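1. I'll drop the sequence and a predicted model, then ask my questions.
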Amino acid sequence: MHLAIGVIVFAMAAGFFADMALGQQSTETSTASRPEETKPKTLSADDIAKLRSQAETGDAGAQRNLGKAYEAGNGVPQNDQTALQWLRKAADQGDHSAENDLGTMYRFGEGVPRDKEEAVRWYQKAARGGSDVAMFNLGTCYYNGDGVGTNEFTAYAWFLLAKEAGNAVAEDAVNRSAATMTKNDKAAAFLRIAEIYEKGLELPKDEAQTMRWLRKAAENDSHAKVTLAARLMKGPEGERHYAEAMDLCKAAAVDYPPGLHCVGHMYRLGLGVNKDPAEAVKWYRKAERYDLAATLELAEMYAYGEGTKADRAEAFMLFFEAGQMGGKGAPQNCVALWDRMDKSEQKKTGNKLRQRNFDPEKVIDTLRKVSAAGTR
């Protein structure tokens, strides 16, 4: 008999910030105008002429500065549309400050219809290029739900990244956010940063930073411990750290069922320890009904007699539990087991179902229908 299940590896996881664009503090509502920036040097006609000459030859820095001059009305008549044109020219050449400035113009509808989603896209481009201001602005977007869904963990993550990149205003934002967060909340933000560095979409991919933030998260969070353990067991042979992974999983197992599965999984496959299916069964038993992966693997072990005496009735009940937890393939496995049972095994299984107040005939009929629908 072949059961339709593979090994499942354990899971890897208020108004103060309103309109704080460009690193400036505002206590206004999210519909307020953009906060003022530090006043720049007053530009003379000669300064403008020089900037324009450089900008027209394609100098991105000059294009950005000329755009800012038009935005502020500094040395030229104030004109948001013209500012937007020059800033876009600079941004199109990869000027990250200009990318951030464009984001803020879209966010507040200056020279262009307000479009917070477009603002976020420009902030993301600038942040990926290393703009600490854009990182901070992304934090405010996630905090307020401007152009993205509100997410305090992601907001805190971007405030932390902005602080590390040297943004002075971000430190206060980090402290204020942290004051209302639990250790688990902070761990969720650290995991978000690790994910950012791992995927390499919002910031350049960086394995060292991924591991650094995973370790910070794992200091006080069991989910993070299991996530870090899974990471430590990846990679080429010789670069896997099984002993540390086992320690993390056992520490997580105290209050987190996937930690129990993690330990059992390592014993089952002999990862850094002597292969011991019987020990794996013990750990999976502790996680049964609480962790889907452990329940599915335990069912498979009872079906094949791995680490324990083969028991189709017990395997059936475990797959049945897994199906109630949403386990893919569990109904098909129940039907496959039932069809291979002799009458005494079916009777034993029926008794187990009745003990849990289920009608065996109705259960088997339903499982067959679900199983058939799942194979179409």
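-> Sure, I can see it.
2. What strand or helix carries residue 230?
-> helix 222-232 (DSSP states H and E).
3. Give me the contact list for that helix.
-> Applying C-beta atoms under 8 Å, 6 or more residues apart in numbering, the contact partners of helix 222-232 are 9-13, 187, 190-191, 210-211, 214-215, 217-218, 240-242, 244-246, 248-249, 251-252, 254-256, 258-259, 262. In this view, the C-beta of every residue, glycine as well, is placed from N, C-alpha and C.
4. what's the distance between that helix and the middle of its chain?
-> 14 Å (C-alpha atoms, centre = their mean, to the nearest Å).
5. pLDDT of that helix, averaged?
-> Averaging pLDDT along helix 222-232 yields 96.
6. Could you do stretch 369-376 as well?
-> 78.
7. Make sure residue 293 is actually in contact with residue 261.
-> Yes: taking contacts as C-beta atoms under 8 Å, residue 293 lies within contact range of residue 261: 5.1 Å.
8. Mind checking which of these two has more residues around it?
-> Neighbours were counted for residue 293 and for residue 261 using other C-beta atoms under 10 Å; residue 261 has more, 34 against 23.
9. ok, now how distant is that one from residue 311?
-> 20 Å (C-beta to C-beta, to the nearest Å).
10. which helix of this structure spans the most residues?
-> In terms of residue count, the longest helix belonging to the chain (DSSP state H) is helix 183-199.
11. Could you name the helices and strands sitting against that helix?
-> helix 152-164, helix 207-218, helix 222-232 (3 or more C-beta pairs under 8 Å, 6 or more residues apart in numbering; DSSP states H and E).
12. now the angle from it to helix 152-164?
-> 70 degrees (axes from the mean of the first three to the mean of the last three C-alpha atoms, to 10 degrees).
13. Go ahead and measure how far helix 183-199 is from the middle of the chain.
-> That offset, for helix 183-199, works out to 7 Å (C-alpha atoms, centre = their mean).
14. can you check stretch 105-122 too?
-> 26 Å.
15. How about residues contacting that stretch?
-> 21, 33-34, 71, 79-84, 87, 91, 99-100, 102-104, 134, 137-138, 141, 146-148.
16. Flag every buried residue along that stretch.
-> Of the residues in stretch 105-122, 105-108, 110-112, 116, 118-122 count as buried by neighbour count, 16 or more other C-beta atoms under 10 Å.
17. can you check stretch 329-342 too?
-> Buried residues in stretch 329-342 (16+ other C-beta under 10 Å): 329, 330, 331, 332, 333, 334, 335, 336, 337, 338, 341.
18. Show the pLDDT at the second one.
-> The predicted structure scores residue 330 at 95 on the pLDDT scale.
19. and it, what is it in contact with?
-> Here residue 330 is in contact with 5, 296, 299, 319, 320, 322, 323 (C-beta under 8 Å, 6+ apart).
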